[in-house]
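Chemist: coordinates for the following, if possible.
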Amino acid sequence: MNHRRSIFWMRRDLRAHDNVALHAALSTSDQVVCVFVYDRTILDDLPRQDRRVAFIHASIGEAAANIAALGGKLLTLEGDPRRVIPEFAQRIGAERVFANDDYEPAARRRDEAIAQALADDGRALLLSKDQVLLHKEEVLSQSGTPYTRFTPYYNAWLRELGRDQRILGDYDPAPFKRRLDASVPGPSNIPLAQLGFDEVDLESLSLYPGTRGGRRVLDEFVGKVDDYMALRNVMALPATSGLDIHLRFGTLSIREIFRELGKRKDVQDASLAGWIREVCWREFFAQLMYHVPRVANGPYLQKYARLDWVGGEAGERLLDAWKNAATGYPIVDAAMTQLNSTGAMHNRARLIAGSFLVKILGVDWRQGEAYFALKLNDYDHANNNGNWQWVASTGADAQPPYRIFNPSSQSKTYDPDATYIKHWLPRLAGIEPRHLHEPARRGQPIPDYPAPIVDYGAGVEACKRRYGVAR
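Modeler: Numbering: from 1, shown residues only. Have a look, this model is predicted:
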């Protein structure tokens, strides 16, 4: 066994630059072999045309080229990492495996199994913080317990960031590039077809993979961040950051994003502060799932564990109509069409569509969470779960049960000219916006469009009964 040879295992950190685990491996080893594993336990359940797999595949190609430019090599393997990683470490005589930490229950179980298999063979798995700025026990209340309300967490999170500028440090691999080991034979990427997937035209979906793509999106956001708070809820405009998928797959580090935004002279700008607050929600949900892993499968507020959701054939009919953009509520159907067509959905639309499924149709929020998990390009378990539980009023610091998003008023406020609706539902292009906001008041059905599948008022009353809300 070579005690100075290590493995860097790339996971949801698809980049060579500013990668904490890669830097840790290089700075403490004589030789570092880089590897990525196409995880068959995940891939085998996905459709042949999967945008996320195509994005990952293209990002791996760029990361491999960047590592090669430094003098190393990124090996790609295929299989169950719980078997592949320990076997590979034994085969090449590596004592340590470096990877960046993952906080979701399934990932933690995987890492625990791998750590045990390595330890049984005299080796070690070493995990670093990379996908978030602060993690685990770094933001706790004065009593040493995790925060379950967002605003106190946010204030403590900001204080911690202010105390230590090293949190935003740049982990440059270049000074250690001579330690990259390119001697192990194997492919730097596996063809998509061999993995069982079809090519996807990512650019037509405005998906730009890799670090190069992430920096392109970041540059665009820097140019429009001044208008973020004013325009982020305007559904017809691309006014949000667009960085979600790059944060999800780590093609760009969260530290690089903050450093770039920090170069602005007006870093205290309200719009920038508003975006930073949204990023903090991502970290809040990540730490919540880490500390309270049961939220992965059920409500944080256990008093809502047995709500009488609409089930059976009636529930399936409502869920299918929602999935297939056939609810008769144009703003909801436009949102679901965007999701089904592109794998993206405007942030405001996510709230409207989610609230409609749970609070008006009465369908269990976990059904919506599972569908978003299947469709979203930027799917992140903790963030998806946290947002669905927020909408469903079952989560930590969620909206109260009596807060119900009215699709008509939301449509009027955030898509007043029905531009978003007509873009995603072009067959409604000739209908007046007021009739798209409130189709039930039109007096006659909209041609080639379903009637509302439920009465909004009746849905609200059923929701109040379901949650036991008096008001």
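
Chemist: what about the residue most central in space within the chain, distance to Met345?
Modeler: Closest to where the C-alpha atoms of the chain average out (C-alpha atoms, centre = their mean) is Asp380, at 3.1 Å. For Asp380, the distance to Met345 equals 14 Å [C-beta to C-beta, to the nearest Å]. For glycine as for every other residue, the C-beta is placed from the backbone atoms N, C-alpha and C.

Chemist: tell me the domain boundaries of the chain?
Modeler: 2-130, 132-169+211-291, 302-464 (automatic domain parsing).

Chemist: and whichever strand or helix holds Ala68, what does it pack against?
Modeler: Assessed by DSSP states H and E, Ala68 sits inside helix 51-69. Contacts defined by 3 or more C-beta pairs under 8 Å, 6 or more residues apart in numbering; DSSP states H and E place helix 51-69 against strand 31-39, strand 74-79, helix 192-195, helix 210-224, helix 244-249.

Chemist: show me where the protein has strands.
Modeler: 2-10, 31-39, 74-79, 94-100, 124-128 (DSSP state E).

Chemist: what inclination does the second one have with respect to helix 51-69?
Modeler: Direction vectors for strand 31-39 and helix 51-69, defined by axes from the mean of the first three to the mean of the last three C-alpha atoms, to 10 degrees, enclose an angle of 170 degrees.

Chemist: got the contact list for strand 31-39?
Modeler: Residues outside strand 31-39 that contact it (C-beta atoms under 8 Å, 6 or more residues apart in numbering) are 2, 4-11, 14, 22, 25-26, 60, 63, 67, 72-81, 84-85, 88, 92, 94, 98, 179-181, 184, 190, 195.

Chemist: could you point out the longest helix of the protein?
Modeler: Of all the elements of type helix in the chain, the one with the most residues (DSSP state H) is helix 270-291.

Chemist: just the buried residues of that one, please?
Modeler: Within helix 270-291, the residues that count as buried by 16 or more other C-beta atoms under 10 Å are 271-272, 275-276, 279-291.

Chemist: same thing with stretch 65-80?
Modeler: 66-68, 70, 72-77.

Chemist: how about these, which pair is most distant?
Modeler: Distance extremes for those: the farthest pair is Leu70 and Leu77 at 20.4 Å, using C-beta to C-beta.

Chemist: as CSV, the strands of the chain with mean pLDDT and distance to Thr419 would be great.
Modeler: What follows is the strands of the chain, written out as CSV (pLDDT from 0 to 100; distance: least, C-beta to C-beta, whole Å):
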stretch, mean pLDDT, distance to Thr419
strand 2-10, 86, 41
strand 31-39, 98, 40
strand 74-79, 98, 43
strand 94-100, 97, 40
strand 124-128, 98, 44
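
Chemist: to His435, which of the ones you listed lies closest?
Modeler: strand 31-39 (48.1 Å).

Chemist: and the angle from that closest one to strand 94-100?
Modeler: 60 degrees.

Chemist: now strand 31-39 against strand 2-10, angle please.
Modeler: Using the same axes, to 10 degrees: strand 31-39 against strand 2-10 is 40 degrees.

Chemist: low-scoring stretches of the stretch 151-300 of the chain, by residue?
Modeler: 264-268 (pLDDT under 70).

Chemist: could I get the domains of the chain as JSON lines with distance to Glu199?
Modeler: Listed next are the domains of the chain as JSON lines, based on distance: least, C-beta to C-beta, whole Å:
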{"stretch": "domain 2-130", "distance to Glu199": "7"}
{"stretch": "domain 132-169+211-291", "distance to Glu199": "17"}
{"stretch": "domain 302-464", "distance to Glu199": "15"}
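
Chemist: mind checking which of the ones you listed is nearest Ser204?
Modeler: domain 302-464 (9.3 Å).

Chemist: how far away from the center of its chain is that closest one?
Modeler: Its chain's average C-alpha position is 20 Å from that of domain 302-464, according to C-alpha atoms, centre = their mean, to the nearest Å.

Chemist: is it true that Val139 touches Tyr154?
Modeler: No - proximity of Val139 to Tyr154 does not meet the contact threshold set by C-beta atoms under 8 Å, at 9.5 Å.

Chemist: more crowded one of those two?
Modeler: Neighbours around Val139 and Tyr154, counted as other C-beta atoms under 10 Å, are more numerous at Val139. The numbers are 24 against 18.

Chemist: list the contacts for the more buried one?
Modeler: 147, 153, 156-157, 160, 287.

Chemist: again, 10 Å this time
Modeler: Residues near Val139 by C-beta atoms under 10 Å, 6 or more residues apart in numbering: 133, 146-147, 152-161, 280, 283-284, 287.

Chemist: which residues does stretch 462-471 contact?
Modeler: So stretch 462-471 is contacted by 303-304, 307-310, 355, 358-362, 392-394, 400-404, 454-455, 460-461 (C-beta under 10 Å, 6+ apart).

Chemist: what do you get if the cut-off is 8 Å, keeping everything else the same?
Modeler: In contact with stretch 462-471 (C-beta under 8 Å, 6+ apart) are residues 304, 307-309, 359-360, 362, 393, 401-402, 404.

Chemist: likewise for stretch 108-121?
Modeler: 81-82, 85-86, 89-90, 97, 99, 102, 124-125, 127, 293.

Chemist: any idea how far it is from the chain center?
Modeler: 26 Å.

Chemist: and the gap between Ala236 and Asp333?
Modeler: 16 Å.

Chemist: and these two? Which one has more around it.
Modeler: Asp333 (24 against 17).

Chemist: quick one, what contacts the closest residue to that one other than its chain neighbours?
Modeler: Ranked by C-beta to C-beta, 6 or more residues apart in numbering and with sequence neighbours excluded, the top spatial neighbour of Asp333 is Ala325, at 4.0 Å. Listed by C-beta under 8 Å, 6+ apart, the contact partners of Ala325 are 332-334, 336-337, 340, 425.

Chemist: returning to that earlier point: would you list the buried entries among the contacts of stretch 462-471?
Modeler: 304, 307, 359-360, 362, 393, 401, 404.

Chemist: is it possible to export those to JSON lines including pLDDT?
Modeler: Below are the buried ones among the contacts of stretch 462-471 laid out as JSON lines (pLDDT from 0 to 100):
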{"residue": "Tyr304", "pLDDT": "96"}
{"residue": "Leu307", "pLDDT": "96"}
{"residue": "Lys359", "pLDDT": "98"}
{"residue": "Ile360", "pLDDT": "98"}
{"residue": "Gly362", "pLDDT": "98"}
{"residue": "Ser393", "pLDDT": "97"}
{"residue": "Pro401", "pLDDT": "94"}
{"residue": "Ile404", "pLDDT": "95"}
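
Chemist: could you identify the most distant pair in these?
Modeler: Applying C-beta to C-beta across these, the maximum distance is between Tyr304 and Ile360, 17.1 Å.

Chemist: now a ChimeraX select for only the buried ones of the contacts of Ala325.
Modeler: Selection of the buried residues among the contacts of Ala325 in ChimeraX, burial being defined by 16+ other C-beta under 10 Å:
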select :332,333,334,336,337,425
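
Chemist: just name the closest of the contacts of Ala325 to Glu369, please.
Modeler: Looking across the contacts of Ala325 and measuring by C-beta to C-beta, the closest to Glu369 is Met336, at 14.6 Å.

Chemist: got the contact list for the closest one?
Modeler: Contacts of Met336 (C-beta under 8 Å, 6+ apart): 322-325, 327, 353.
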